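Undergrad: Turn this into a structure:
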Amino acid sequence: MKNQTKGTLTLLAAALLLSAASSASALEIQSGSDKVQLQLYGDINRAVMYADDGNQEKFFHVDNTNSETLIGLTGEVAATQCLNVGGNLEYVWQSNPSNAVSMDEESIPGKFDAQLVELYLEGQLGKVSLGKGEMASDVSSEHDLSGTDIVGNVGFGDVGGALSFFDVAKKAYSESFTVESVTNGGISSEGLGKANRVRYDTPSFGGFTLSGALGEDEIGDVALEYSGEFSGNELEAEVAWSNADEGWSQINGSVSVLFSTGLNITVAGSTKDVSDMPANGDDPTFFYGKLGYTFAQPIGATSISVDYGVFDNAAVFDIGQEATGYGIQFVQELADWNTQLYAGCRTLSLEDDTKADYEDVTLVMAGVMLSF
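TA: So this is what the prediction gives:
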């Protein structure tokens, strides 16, 4: 653990030196071997978040979980003319994550978390990755060409996820329902996410790529992804199937189109098949849609969007339990600074029942992300 922390701090120190280097004399990152090409990268993403749960209001100083503060290092060597060997090392650091702060806990110490620690072999026959990294189904529901996903996307629980719904009838907070649980509790927009696994990606055939992964705890998934352009329009799409040893399987998918006019449309969804479903239970599902527009500016692209999500039985497998959310997003790119300014607002509603009357949760977040 001590060696891991030391290595992480070394990466952070290198990042600070990189950001301090003048544009006239770019800092060169050197490997211990002249055969290896290294690249250091990272994001710093900080924001102010306002939350109103119908009973309390509070401001938070957060790290935006939609795109966390992180630092990474990639290394690659051309082993032969048709085979590259490389590796990725990426750490996330979040103080007051926007998905974890709550009315009772607004100060959460930051810590480093290894997100990628993997090796890969890439050649004409495809790519094999070994170590901690993306499963094939990771981000399968998160393709988004709106330019506003940094502040609002299909992951509704990334902002205000730990906030509980207030029950007016009982004059108390729900012990079961939080923003995270009702939008992502029983079904994930990230499929199987990241894990220690072995993964294979085929070469791209006409824009199509097939991927498959087997991971720890007997998890596995496959995904078919498409990325391409036609007549000046961009299209990204993916569908994935994942399975876990815990007795469930899940299908995720998303499609996002960015037209040459700047208009963009994003649609995503997922359904989960639970083998040990309780009596009278129902499979969790979600549907998400976004409509946006991006237009060029001398300082960088300006993007605006509105979105809507419906989440059925996400928190508990109970017939009729539904949450909905809608929002508006704005992002201004500052191209010369490699920086994005953003702001967004969302309202989430949990369907009432005969015993409860839940207040809506309203969330507003504005911040800045610097990429290097």
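Undergrad: What is the least confident helix or strand in this structure?
TA: Within the chain, no helix or strand scores below helix 2-20, which has a mean of 46 by mean pLDDT, DSSP states H and E.
Undergrad: C-terminal to that helix, what's the next element?
TA: Counting by DSSP states H and E, the next helix or strand C-terminal to helix 2-20 is strand 37-52.
Undergrad: Can you show me the strands along the stretch 251-372 of the chain?
TA: 263-274, 285-295, 302-312, 322-334, 339-350, 361-371 (DSSP state E, counting those that start in this stretch).
Undergrad: Which residues belonging to the first one are considered buried?
TA: Which is strand 263-274. Of all the residues in strand 263-274, those buried under the rule 16 or more other C-beta atoms under 10 Å are 264-272, 274. In short, each C-beta sits where N, CA and C put it, glycine included.
Undergrad: could you dump those to CSV with pLDDT and distance to Asn96?
TA: Below are the buried residues of strand 263-274 laid out as CSV (pLDDT from 0 to 100; distance: C-beta to C-beta, whole Å):
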residue, pLDDT, distance to Asn96
Asn264, 98, 31
Ile265, 98, 33
Thr266, 98, 28
Val267, 98, 32
Ala268, 97, 28
Gly269, 94, 31
Ser270, 93, 29
Thr271, 91, 33
Lys272, 87, 30
Val274, 79, 33
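Undergrad: can you pull the contacts of the residue nearest to Asp52 when sequence neighbours are not counted?
TA: Nearest residue to Asp52, sequence neighbours excluded (C-beta to C-beta, 6 or more residues apart in numbering): Thr362, at 4.5 Å. For Thr362, the contact set (C-beta atoms under 8 Å, 6 or more residues apart in numbering) comprises 51-52, 345-348.
Undergrad: can we see that at 10 Å?
TA: Contacts for Thr362 (C-beta atoms under 10 Å, 6 or more residues apart in numbering) come out as 50-54, 57, 160, 327, 345-348.
Undergrad: Retrieve the pLDDT associated with the most centrally placed residue in the chain.
TA: By C-alpha atoms, centre = their mean, the chain has its centre lying nearest to Asn66, at 5.4 Å. pLDDT for Asn66: 95.
Undergrad: how about the strands of the stretch 251-372 of the chain, which one is nearest Leu83?
TA: Closest approach to Leu83 among those (C-beta to C-beta): strand 361-371, 30.1 Å.
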